[in-house]
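# My questions concern the predicted model and sequence given below.
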Amino acid sequence: MSVPADAPVLTTAAMREAEAACAVQGTSLSELMESAGAAVADTAWRMAAGAPILILCGPGNNGGDGYVAARLLAMRGAAVRVAALAEPATKLAKAARAGWDGPVEPLNGRTPAAPLIVDALFGVGLSRPIADNLAAILRSFADRRILAVDVPSGADGDGAADWIPPLPADVTLALGALKPAHILLPSASACGRVLLAPIGISANRAMRTLPAVQTQVPGATAHKFTRGMVLVFAGPMRGAAGLTAAAAARAGAGYVVLDGSEQAPFSAIITESDAKFGERLNDPRVGAVVIGPGFPAGDELLFDVEAALDSGKPLVLDAAAIDAALPRLSETPRKAILTPHEGEFARAFPQLYGSKLDRAKAAAVRTQAVVVYKGADTIIAAPDGRVAAAWPGSPWLATAGSGDVLAGACGAMLARGGDAFEAAVAAVGWHIARAARIGPGLVADDLVRD
């Protein structure tokens, strides 16, 4: 499974707005459909490698893309057939159907398969799950190579509903921009390899996938404090904070202090007693404070969170520290990154609804902080509306302590100065890249070793 790096992601409504803007600028919707169909034909041609192709066309514009692709593939000499669920229902789809001069078979349980199936039945505008009888027909093609046009049929394009497409794709060709369905579970797991076809629209890039990971090389005049100083508060579970401190050091911080623990994960990490935490919070060299890993809810945590908030320092808040900080987070603008997993997010923001994207964006606005909504389909959201999606991550990160490591990486990136959103994006990218390098058998400690 893969998605293009640093690619735009548009909701269904945003995609329609982008298409309308193209029409205003002189590119008609029929020209966009021709471009989309050409991209489908190119991809199908490569995937089929000379084998016969069956294109399944629905009544809407997704089906129109399929008819255009069929015409262009036939012009290349491909052995292409079309099976339709119903007659075209939109003006664009009717015009595309008129351009296809081959036969159109009915799509039913007797439709012969082909080595490559192109799924052009339903696009992002689907408003309900696929009916059981049609789902059964689609499952009968599951042993063939599947190319989905824009999204696998049966997926909610905006990722708000948990519909599972009955015919998972080997390749999904996103048209113009990625859609939430490509980067949110459960639909993302049905998309296979996602390719992006630029069809001539200008996509807003406020929402995008993770960029390629880049290592920031210190400048010639850098020293340990210019690379960032991170202060980590240890709770009763010292091992978690130790992982966080080690991750901050490994992710590039020049100086790391672990407060409240006598055991340092590395010799280069400074350990100090709780008695010095106030002094350290007043140290102007501290670029980021991390609190929450291994720190259960209680008066001690609340006291330390209040002190961290009072300091005005940039913050990384994890686990129970998120709940402790919520009442004050939006009071004073500050750089802050929250790193909740699913359970922590639900506890902190019980009244938020919609897709994971919607909820992450709403939480970021409510707290005026960057939210890293963790999971297999991690979403990073900023209060100003910027979003980065980290699908696919690494399945090897599903292990105890990996979230503590991510909190430390966020601290390292945040301590450098600059934008908190970009710091969180860099940290998530670093986290996934480390896991991908290690692979099977990964435990959280491996992420902070050389």
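All right, it came through fine.
# Show me what whatever helix or strand residue 433 lives in packs onto, helices and strands only.
Using DSSP states H and E, residue 433 sits within helix 420-438. For helix 420-438, the elements it packs on are strand 336-338, strand 370-373, strand 378-381, strand 387-390, helix 402-415, helix 444-447, judged by 3 or more C-beta pairs under 8 Å, 6 or more residues apart in numbering; DSSP states H and E. Every C-beta, even on glycine, is put in place using the N, C-alpha and C of the backbone.
# now that helix, how far from the chain's geometric center?
Relative to the centre of its chain, helix 420-438 is centred 12 Å away, using C-alpha atoms, centre = their mean, to the nearest Å.
# if I pick residue 320, what's in contact with it?
292, 295-297, 301 (C-beta atoms under 8 Å, 6 or more residues apart in numbering).
# How about the secondary structure of residue 69?
With DSSP: H, G, I helix; E, B strand; the rest coil as the basis, residue 69 sits in helix.
# burial measure for it, as a count.
Burial of residue 69 is recorded as 33 neighbouring residues (other C-beta atoms under 10 Å).
# How about residue 91?
Neighbours of residue 91 under the rule other C-beta under 10 Å: 12.
# Now, of the contacts of residue 320, which are buried?
Those of these that meet the buried threshold are 292, 295, 301, by 16 or more other C-beta atoms under 10 Å.
# In which helix or strand does the last one reside?
Residue 301 belongs to helix 299-311 when assigned by DSSP H and E.
# Over to the second one?
For residue 295, there is no helix or strand it lies in under DSSP H and E.
# so what's it up against?
Neighbouring residues of residue 295 by C-beta under 8 Å, 6+ apart: 233-237, 240-241, 301, 304, 319-321.
# Now the buried members of those.
Buried members of these, scored by 16+ other C-beta under 10 Å, are 233-235, 240-241, 301, 304, 319-321.
# So which of these sit within strands?
residue 233 (DSSP state E).
# Helix, strand, or coil at the closest residue to residue 313 other than its chain neighbours?
Distance criterion C-beta to C-beta, 6 or more residues apart in numbering; nearest residue to residue 313, sequence neighbours excluded, is residue 289 at 4.8 Å. Secondary structure assignment for residue 289 (three-state DSSP): strand.
# hang on, residue 263 is in a helix, isn't it?
No: Residue 263: not assigned to a helix; according to three-state DSSP it is coil.
# Show the pLDDT at it.
The model reports residue 263 with a pLDDT of 84.
# Near it, how many other residues are there?
Residue 263: 12 neighbours (other C-beta under 10 Å).
# gap between the residue nearest in space to the middle of the chain and residue 165?
What sits nearest the mean C-alpha location of the chain, by C-alpha atoms, centre = their mean, is residue 389, with 2.2 Å. Residue 389 sits at a distance of 19 Å from residue 165 (criterion: C-beta to C-beta, to the nearest Å).
# isn't there a strand covering residue 42?
No: counting by three-state DSSP, residue 42 is not part of a strand but helix.
# Now do the contacts for it.
Applying C-beta under 8 Å, 6+ apart, no residues contact residue 42.
# what pLDDT does it get?
98.
# for residue 1, same thing?
Reported pLDDT for residue 1: 68.
# so how far is residue 126 from residue 274?
Separation of residue 274 from residue 126 (C-beta to C-beta) stands at 56 Å.
# When these two are compared, which one has more neighbours?
Set residue 274 next to residue 126 and count neighbours by other C-beta under 10 Å: residue 126 wins out with 23 against 14.
# Quick check: pLDDT value at that one.
With respect to pLDDT, residue 126 scores 86.
# Could you tell me how far stretch 245-258 lies from the centre of the chain?
In terms of C-alpha atoms, centre = their mean, the centre of stretch 245-258 is found 26 Å from the chain centre.
# Endpoints of that stretch, how far apart?
By C-alpha to C-alpha, to the nearest Å, the extent of stretch 245-258 from end to end equals 6 Å.
# Contacts only, for the closest residue to residue 374 other than its chain neighbours.
Computed as C-beta to C-beta, 6+ apart, the closest residue to residue 374 that is not its neighbour in sequence is residue 341, at 4.5 Å. Taking C-beta under 8 Å, 6+ apart, we find residue 341 in contact with 374-375, 403.
# Can you check the pLDDT for residue 341?
pLDDT, read off for residue 341, is 96.
# do the same with residue 33
Model confidence at residue 33 (pLDDT) stands at 94.
# hmm, back to that, next, count neighbours for the residue nearest to the residue nearest to the centre of the chain when sequence neighbours are not counted.
Nearest residue to residue 389, sequence neighbours excluded (C-beta to C-beta, 6+ apart): residue 183, at 4.0 Å. Neighbours of residue 183 under the rule other C-beta under 10 Å: 30.
# and if you look at residue 443?
13.
# correct me, but it touches residue 398?
No: if you go by C-beta atoms under 8 Å, residue 443 and residue 398 don't touch, sitting 11.4 Å apart.
# thinking again about what came up before, so the residue nearest to residue 389 sits right up against residue 378, yeah?
No: counting by C-beta under 8 Å, residue 183 sits too far from residue 378 to count as a contact (9.6 Å).
# Between those two, which contacts overlap?
Here residue 183 and residue 378 have 389, 391 as joint contacts, going by C-beta under 8 Å, 6+ apart.
# got a list of what the residue nearest to residue 389 touches?
3, 9, 159, 209, 377, 389, 391.
# and what of residue 94?
residue 88.
# what helices or strands is the helix or strand of the chain with the lowest mean pLDDT leaning on?
In the chain, the helix or strand scored least confidently by mean pLDDT, DSSP states H and E is helix 277-281, which has a mean of 81. Identification of packing neighbours for helix 277-281 by 3+ C-beta pairs under 8 Å, 6+ apart yields strand 229-233, strand 255-259, helix 299-311.
# ok, residues contacting whatever helix or strand comes next after the second one?
Tracing the chain C-terminally past strand 255-259 and defining elements by DSSP H and E, one meets strand 270-272 next. Defining contact as C-beta under 8 Å, 6+ apart, one finds that strand 270-272 is touched by 255-264, 280.
# any idea which of those is closest to residue 130?
Nearest to residue 130, judged by C-beta to C-beta, of the contacts of strand 270-272 is residue 256 at 52.0 Å.
# gap between the two ends of stretch 358-378?
The first residue of stretch 358-378 is 13 Å away from its last residue (C-alpha to C-alpha).
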